[in-house]
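Colleague: next come a sequence and a model predicted from it.
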Amino acid sequence: MYKYDECVLTGCNAKTEWQLDWFMDNYLQKNSGIPIVLCDFGMTKQKKEQIKGYFSGIMDLTENRLDGWFKKPIAMFNSPAKKTLWLDTDCEVKSYLKPLFNMIVSNKLNMVEDKPWTKRRGEIWHNSGVVGFIGRPQILHSWCNAVTKAPEDGDQEVLHSLLNPITRMTHINDLPFEWNVMRLATDYDNYKGPIKIQHHTGPKGKDKIKGLMSIKEAING
């Protein structure tokens, strides 16, 4: 039924494909042995041709009518692996991911609490930039249905709207914060702990990625 026992999924469209080379450079430094599948949310033909050698496969979601990140739960639902780890392309992978795969439990979405958002909103939030799961848990079905019916705000907001304190405990397994450290935590909340994955969220995060790319280009001449 599944092509892989484990794989990483990521995805982008024409607006965010500029991050792919940077993302894959970081990923491959530590994780060249873990299959990674790219989900095409509407990339340019030129970019797909340029980067296809990086990936174990490409999932074409261009015909899906949803826009941008709302395609993410659909991509997860169609994962070719029994055990899957989704990573946004603005995530800077700093570590070997096998220990994270080993933390994934069945029948749940395995996610990091979005502590900056929890602090600012006054209720528990989880960040959808890093999501682990086994097979197709029921909450993933529900998430796919919800983004299809009402794709509003963002994929993370749609998932949050499906959960209350009780159902969150049922459907979400908390992963250690170091596996998805949000930009707000380091920039504003004085987080000084370990970072296995740095998540460069928002426009300021994208500026940081561009800066890191420029530094690398300067070093490489």
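Modeller: Looks like it arrived, so ask away. Numbering: from 1, shown residues only.

Colleague: switch to C-alpha atoms for all contacts and neighbour counts from now on
Modeller: OK.

Colleague: what's the closest residue to Thr201 other than its chain neighbours sitting at in phi/psi?
Modeller: Once flanking residues are discounted, Thr201 sits nearest to Arg183: 5.8 Å by CA to CA, 6 or more residues apart in numbering. Dihedral pair for Arg183: phi -50, psi -40, per degrees, to the nearest 10.

Colleague: make sure Arg183 is actually in contact with Ile197.
Modeller: No - counting by CA atoms under 8 Å, Ile197 is not a contact partner of Arg183; they are 10.8 Å apart.

Colleague: before we move on, back to that, gap between the residue nearest to Thr201 and Thr118?
Modeller: Plainly put, Arg183 is 14 Å away from Thr118 if you go by CA to CA, to the nearest Å.

Colleague: which one of those two is surrounded by more residues?
Modeller: The neighbour comparison of Arg183 against Thr118 (other CA atoms under 10 Å) goes to Arg183, with 19 against 13.

Colleague: list the contacts of the more buried one.
Modeller: 198-201, 205 (CA atoms under 8 Å, 6 or more residues apart in numbering).

Colleague: tell me the two of these that are most distant?
Modeller: Taking CA to CA as the measure, the contacts of Arg183 span a maximum distance of 10.0 Å, between Gln198 and Gly205.

Colleague: just among the contacts of Arg183, which is most surrounded?
Modeller: Counting neighbours by other CA under 10 Å, His199 comes out on top of the contacts of Arg183 with 26 neighbours.

Colleague: got the phi/psi numbers for that one?
Modeller: According to degrees, to the nearest 10, His199 has phi -100, psi 110.

Colleague: for Cys7, same thing?
Modeller: The phi/psi pair for Cys7 (degrees, to the nearest 10) reads phi -160, psi 160.

Colleague: for it, give me the pLDDT.
Modeller: pLDDT recorded at Cys7 is 98.

Colleague: next one: Tyr54
Modeller: Listed pLDDT for Tyr54 reads 89.

Colleague: so how far is Phe101 from it?
Modeller: 21 Å.

Colleague: and if you look at Asn26?
Modeller: Taking CA to CA, one finds Asn26 at 18 Å from Phe101.

Colleague: neighbour-wise, which of the two wins?
Modeller: Neighbour totals were compared for Asn26 and Phe101, and Phe101 leads with 19 against 16 (other CA under 10 Å).

Colleague: isn't that one up against Ile134?
Modeller: No - between Phe101 and Ile134 no contact is recorded; they are 9.8 Å apart, counting by CA under 8 Å.

Colleague: list residues touching both of the two?
Modeller: Residues within reach of Phe101 and of Ile134 at once, by CA under 8 Å, 6+ apart, are 83-84.
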